[in-house]
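Trainee: sequence and predicted structure, then a few things I'm wondering about:
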Amino acid sequence: MKARFPPQLATIALMFSMFGSGCFVDTSGGAPLPDASSPRVPDARVDQDGGVPAPDADAPCADRDRDGVCDADDGCPDDATKAAPGICGCGVPDADSDGDGAADCVDACTGGDDRVDDDGDGIPDGCDDCPIDGPTGFSATFPVAEDSMHILGASWSPGGRVPTLEAGDTVTLVVEYRVDDMPCPGCIKQIEIGAEGDAGFIYCAYDGNPTPPSSSGVHRASVRLPSATPPGFYYMVANYAEQYECGGTSGGTAWYRGMPAASTQRIAAFCVR
């Protein structure tokens, strides 16, 4: 006698033969359920209303320069070192090689401190050929006095207050002075003019016996710079002498009282480029 399966078992057997052991069947006769061990389809994030799937927040974004900042948020999408233009713009580093607070791309004096401008001319001292010719640079306080010598004023012609010259140039220094007949009445007196730091003076702006109580005047002298004068800035100084003649009887140029050391004896200044 041939055995017969109940209808429910026949259905289960048929489903088993169609889907194999990799599926489970809904015992209520519905669709097969996925096997937990089967390959999974990636999850899609859907909005709360069950509508169109929302973008995956973890999905990779476009990043041309591969700096980890998405192009949409990158102010310099082709510069891996910057995410914003900064001071110098994309493709140019905001480096400050001299540490003065100004980026190299806008640095007025690369290698010098932009913040140091002693003469107030807008050129940092580190790049200023003449760092004493600005409005807050050198300015003598007259009178410049030494014993009976009084320098009442000094100026260059041509060139102004602080000229910039070339080695070998000739310029005229105009000196206004007064010499008192004291403290040695009747003695011959001199005003020696020279460059600060030099072992000797250049010329005498005055050489004589002042008429009591004093003699005054204006002296003009051409000063020629030696051809070997190195670039830099220089001060002209004045000193008092009391000899029989300018330079003494030997005609030398050594300062009568030694090299002027006090900055209060500076009467003029010039630069050499």
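Mentor: Looks like it came in fine. If you're wondering where the values come from, they're calculated on a predicted model, not measured in any experiment.

Trainee: give the phi and psi angles for the spatially most central residue of the chain, as a check.
Mentor: Closest to where the C-alpha atoms of the chain average out (Cα atoms, centre = their mean) is Asp114, at 3.2 Å. Dihedral angles of Asp114 (phi, psi; degrees, to the nearest 10) stand at phi -60, psi -20.

Trainee: thought it was touching Asp104?
Mentor: No. Shown here, Asp114 and Asp104 do not form a contact pair, counting by Cβ atoms under 8 Å, at 11.1 Å. From N, CA and C alone the C-beta is placed, and that goes for glycine too.

Trainee: so where is the stretch 51-200 of the chain shaky, pLDDT-wise?
Mentor: The stretch 51-200 of the chain contains residues with pLDDT under 70 at 51-59.

Trainee: ranges for the strands of it?
Mentor: 144-146, 149-157, 164-165, 170-180, 189-195 (DSSP state E, counting those that start in this stretch).

Trainee: looking at those, which is nearest to Asp125?
Mentor: Nearest of the strands of the stretch 51-200 of the chain to Asp125, taken as Cβ to Cβ: strand 164-165 at 14.8 Å.

Trainee: need the contact partners of the closest one.
Mentor: Asp129, Cys130, Asp133, Gly159, Val171, Leu225, Phe270, Cys271, Val272, Arg273 (Cβ atoms under 8 Å, 6 or more residues apart in numbering).

Trainee: list the contacts of the residue nearest to the centre of the chain.
Mentor: Asp100, Gly101, Ala102, Asp107, Ala108, Pro124.

Trainee: show me just the buried residues among those residues.
Mentor: Asp100, Ala102, Asp107, Pro124 (16 or more other Cβ atoms under 10 Å).

Trainee: right, and the first one touches Ala108 too?
Mentor: Meaning Asp100. No. Shown here, Asp100 and Ala108 do not form a contact pair, counting by Cβ under 8 Å, at 9.3 Å.

Trainee: re the thing from before, ok, the buried ones among the contacts of Asp114 vs Glu166, which is closest?
Mentor: For the buried ones among the contacts of Asp114, the nearest to Glu166 is Pro124 (22.9 Å; Cβ to Cβ).

Trainee: spatially nearest residue to the closest one, not counting backbone neighbours?
Mentor: Cys109 (3.8 Å; Cβ to Cβ, 6 or more residues apart in numbering).

Trainee: what of Val106?
Mentor: Val106's closest residue in space is Ile87 (Cβ to Cβ, 6+ apart), at 6.4 Å.

Trainee: residues touching the residue nearest to Pro124, list them.
Mentor: Taking Cβ under 8 Å, 6+ apart as the test, what Cys109 contacts is Asp98, Asp100, Ile123, Pro124, Gly126, Cys127.
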